[in-house]
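next come a sequence and a model predicted from it.
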Amino acid sequence: MINLIWMLLIAVGVVYAGFNGRIDQVTQSTIQAAESAVLLSFKLTGVMCLWLGIMKIAEKAGLVKVISLVVGPVIRFVFPSIPRQHPAMGAIILTISANMLGLGNAVTPLGIKAMQQLQTLNPDKETASPAMCTLLALCTTGLTFVPATIIALRAAAGSIRPAEIVGATVVVSLLATVVVLIADRLCRAVFYSRGRC
């Protein structure tokens, strides 16, 4: 559906430019945008390699395990319906830990694995379980302490101080996580009271 919307927007833009005699501007803008995208991707590749390398060193040094130990009790409180030794718990802890370290590329496969594990506990395979909804909400807010991807994008775009957004990112993602957890608990209470959960 998204592809159809993008196709429609592009087609309308080209037709509108054609009717107004500006098709040359569309061609020139397309070439410039493609060139800018390639240049940005090259800049971004170097910075992302640096940050992902640092994060890989941190992972090998045991930082992810330390975060997992700290986060574990909180995750067990947030997901009380998941048995303590179930593989879903480990997958959720790894997903949240990767999110906290700003490893956006790692969060997606870990999140998918966690959802697959949660599906094994789901009594109704056609509907998302409350735990699945909570995990999705937590991944969406993305509590982050080291926003590596954003820092890389800012550095690639030529920012003088690309890491100055760390404080704001931590505060905003923490507030978003708290709000989403409160909303999750309120929604669960409403659905439980109506017998729909």
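Thanks, I have it.

SS state for the residue in the chain sticking out farthest from the centre?
No residue in the chain sits farther from the centre than G21, which is 41.8 Å out by C-alpha atoms, centre = their mean. Following DSSP: H, G, I helix; E, B strand; the rest coil, G21 is assigned to coil.

can you pull the pLDDT of the residue nearest to T169 when sequence neighbours are not counted?
In this structure, T169 finds its nearest non-sequential neighbour in P147, 4.5 Å apart by C-beta to C-beta, 6 or more residues apart in numbering. C-beta coordinates here come from the backbone N, C-alpha and C atoms, glycine included. Looking at P147, its pLDDT is 80.

tell me the phi and psi of P147?
phi -80, psi 70 (degrees, to the nearest 10).

same deal with the one 5 residues further on?
Backbone torsions for A152, taken as degrees, to the nearest 10, come to phi -60, psi -40.

return the distance of it relative to C49.
According to C-beta to C-beta, to the nearest Å, A152 stands 9 Å off from C49.

in terms of neighbours, single out the busier of the two.
Between A152 and C49, counting by other C-beta atoms under 10 Å, A152 is the more crowded of the two (22 against 11).

before we move on, back to that, spit out the contact partners of the residue nearest to T169.
102, 165-166, 169 (C-beta atoms under 8 Å, 6 or more residues apart in numbering).

tell me which of those residues fall in helices.
Counted as lying in helices by DSSP state H, out of the contacts of P147, are 166, 169.

what's the farthest-apart pair in the contacts of P147?
G102 and I165 (11.2 Å; C-beta to C-beta).

of these two, who's got more company?
Legend: neighbour count by other C-beta under 10 Å for G102 and I165, higher for G102 (25 against 15).

state the pLDDT value of the more buried one.
pLDDT, read off for G102, is 74.

that one against L143, yeah?
No. Counting by C-beta atoms under 8 Å, G102 stays clear of L143, with 10.2 Å between them.

related to what we said a few turns ago, tell me the one of the contacts of P147 nearest K60?
The nearest member of the contacts of P147 to K60, counting by C-beta to C-beta, is G102 at 17.0 Å.

quick one: contacts for that closest one?
With C-beta under 8 Å, 6+ apart, G102 has these contacts: 51, 55, 144-151.

distance check, it against T95.
Applying C-beta to C-beta, the value for G102 to T95 is 13 Å.

can you list the contacts of G102 in JSON lines and add distance to A91 and secondary structure?
Listed next are the contacts of G102 as JSON lines, based on distance: C-beta to C-beta, whole Å; DSSP: H, G, I helix; E, B strand; the rest coil:
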{"residue": "W51", "distance to A91": "24", "secondary structure": "helix"}
{"residue": "M55", "distance to A91": "19", "secondary structure": "helix"}
{"residue": "T144", "distance to A91": "19", "secondary structure": "coil"}
{"residue": "F145", "distance to A91": "20", "secondary structure": "coil"}
{"residue": "V146", "distance to A91": "21", "secondary structure": "coil"}
{"residue": "P147", "distance to A91": "23", "secondary structure": "coil"}
{"residue": "A148", "distance to A91": "21", "secondary structure": "helix"}
{"residue": "T149", "distance to A91": "21", "secondary structure": "helix"}
{"residue": "I150", "distance to A91": "25", "secondary structure": "helix"}
{"residue": "I151", "distance to A91": "27", "secondary structure": "helix"}
